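> Next come a sequence and a model predicted from it.
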Amino acid sequence: MRKTVGKAAIRVVIIGCGGMALHHLRGMVTRKDVNVVALVDPSRRSIDTMLDEYAEAKQRQPDAFDSLEAFFDASPGGADVALIASPHVFHHDQTVQCLQSGLDVLLEKPMVTTADEAANLIRVRNDTGRLLVVAFPGSLSPAIRQASQMIADGKIGKLVGISATVWQNWATNTANTWRQQFSLSGGGFLFDTGAHMLNTVVDLAGEEFVEVAAISRGSIPGVEYSGVVIGTLKSGAVVTMHGCGETIESCDSDIKIFGTKKILLTGVWGKSLDIQADGDVVATTAQMQTPTDVWDQFVLVRDGLIENPCPPEVGLRMARLWDAIRQSAANNGLPTSLQQTM
């Protein structure tokens, strides 16, 4: 693990100033170990919303830029870390630019929009030696880490199946936003909130999918509101994933992992883990450390205190799965081999 412990506050540039960036920022404004030096977004309105948080907290406001190029021109060497929370299609190029400029990167989900982009980020990460963590709360949670280890160690017996569902009133929540513009989002509900499901299932499985069949529905080309995916893992285990973005006001999930010795129950964000062994009448909730937020997990990785729970290699597996899902859905559910999409 790369150790970069230091007493100085981490200098952060936030790229993309929408809702997710605001969520991260609210946990940073008054922290002494974080210094947000710049905000980058082409929308002055979005930047002003972020700056209002500093005014309310009576803190010094960071500089504002309308492009990443403008930030680097004005402040070469002016940041240690980039937190990228821009629309999905910009993730690849902005991450490459930041890594090559010597910054470590905390990248919001989904990592990128294609497997080719994911593979390139791994190459750039390797070439630059910088840190890249994908901000999936599931992969960063103690519950998913424990479940993944149990599966890998064979403690649930042979993995025979995974069933996952995620639901939200996404279609109405994101109406008239970039999240429903394919040219910016790269997909719809399954690739937005549903990306948490795809990533966590991939992380839990710890192996490649070999084939998937997918059906999706939506009223905007390329932007699905709901969808169902059936897949087979390399080991032969069967996976089902259902995403519904057209339901009542809600945002929740459910994942069941079936082994020959145990059943695990969790969710796409890894809020808890229940374990049911053969002979148990009910599942028992696993005791574990309280989950910390995404930024704190990132800092632990950056300081060399834990291994990276969500590196770009996990993002590559998810990107390969997404490529196959899109191909199958475009062919009305025709089974698609992941070898065909690589």
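Yep, it's here. Residues are numbered from 1 along each chain as shown.

> Next, the buried residues of stretch 75-83.
Ala79, Asp80, Val81, Ala82, Leu83 (16 or more other CB atoms under 10 Å). Glycine gets a C-beta too; all of them are placed from N, C-alpha and C.

> ok, the host helix or strand of the last one: who's next to it in the sheet?
Translated: Leu83. Here Leu83 is covered by strand 81-84, with elements defined by DSSP states H and E. Pairing partners of strand 81-84, with direction, according to DSSP bridges: strand 10-15 (parallel), strand 104-108 (parallel).

> So what touches that strand?
Defining contact as CB atoms under 8 Å, 6 or more residues apart in numbering, one finds that strand 81-84 is touched by 10-16, 21, 24, 91, 94-95, 98, 103-108, 295, 298, 302.

> Quick one: mean pLDDT over it.
Per-residue pLDDT values over strand 81-84 give a mean of 98.

> Past that strand, which element shows up next along the chain?
helix 91-100.

> helices or strands next to that following helix in the packing?
Based on contacts counted as 3 or more CB pairs under 8 Å, 6 or more residues apart in numbering; DSSP states H and E, the elements that helix 91-100 packs against are helix 68-74, strand 81-84, strand 104-108, helix 115-128.

> right, and the helix or strand after the longest one?
It refers to helix 115-128. Toward the C-terminus, helix 115-128 is succeeded by strand 132-135 as the next helix or strand (DSSP H and E).

> Restricting to C-alpha, output the helix or strand following that next one in PDB.
Using DSSP H and E, the helix or strand that follows strand 132-135 towards the C-terminus is helix 137-140. Coordinates of each C-alpha in helix 137-140 appear next as PDB, following Å, rounded to 0.1, in the frame of the first residue of the first chain:
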ATOM      1  CA  PRO A 137     -20.300   3.100  -1.200                       C
ATOM      2  CA  GLY A 138     -21.000  -0.600  -1.600                       C
ATOM      3  CA  SER A 139     -17.500  -1.600  -2.400                       C
ATOM      4  CA  LEU A 140     -16.200   0.800   0.300                       C
END
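
> now for the strands paired with strand 81-84, which one comes closest to Gln149?
strand 104-108 (23.4 Å; CB to CB).

> relative to helix 115-128, how tilted is that closest one?
Counting by axes from the mean of the first three to the mean of the last three CA atoms, to 10 degrees, strand 104-108 points 160 degrees away from the direction of helix 115-128.

> Give me the contacts around strand 104-108.
With contact meaning CB under 8 Å, 6+ apart, strand 104-108 is reached by 4, 16, 20-21, 80-86, 91, 95, 98-99, 130-135, 294-295, 298, 302.

> try it again with 6 Å
Outside strand 104-108, the residues that touch it by CB atoms under 6 Å, 6 or more residues apart in numbering are 20, 81-85, 95, 98, 130-135, 298, 302.

> Show me how this structure divides into domains.
For the chain, automatic domain parsing gives the domain ranges 10-135, 138-341.

> so Trp178 makes contact with Leu184?
Yes. Trp178 is in contact with Leu184 according to CB atoms under 6 Å; the separation is 4.2 Å.

> Which neighbours do those two have in common?
Taking CB under 6 Å, 6+ apart as the contact criterion, the residues that touch both Trp178 and Leu184 are Pro87.

> give me phi/psi at Ser86?
Dihedral angles phi and psi of Ser86 (degrees, to the nearest 10) take the values phi -80, psi 170.

> hang on, isn't it packed against Gly16?
Yes. Applying CB under 6 Å as the test, Ser86 and Gly16 come out as touching, 3.1 Å apart.

> Dump the longest helix along the chain to CSV, keeping only the CA atoms.
For the chain, the helix reaching the highest residue count under DSSP state H is reported as helix 312-330. Written as CSV, here are the backbone C-alpha positions of helix 312-330 (Å, rounded to 0.1, in the frame of the first residue of the first chain):
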residue,chain,number,x,y,z
PRO,A,312,-10.4,0.6,-11.5
GLU,A,313,-10.1,-3.1,-12.0
VAL,A,314,-13.6,-3.5,-10.4
GLY,A,315,-14.8,-0.7,-12.6
LEU,A,316,-13.5,-2.6,-15.6
ARG,A,317,-15.5,-5.7,-14.7
MET,A,318,-18.6,-3.5,-14.4
ALA,A,319,-17.9,-1.7,-17.6
ARG,A,320,-17.6,-5.1,-19.5
LEU,A,321,-20.9,-6.1,-18.0
TRP,A,322,-22.6,-2.8,-19.0
ASP,A,323,-21.4,-3.1,-22.6
ALA,A,324,-22.9,-6.6,-22.7
ILE,A,325,-26.2,-5.4,-21.1
ARG,A,326,-26.6,-2.6,-23.6
GLN,A,327,-25.8,-5.0,-26.5
SER,A,328,-28.3,-7.6,-25.3
ALA,A,329,-31.0,-5.0,-24.6
ALA,A,330,-30.6,-3.5,-28.1
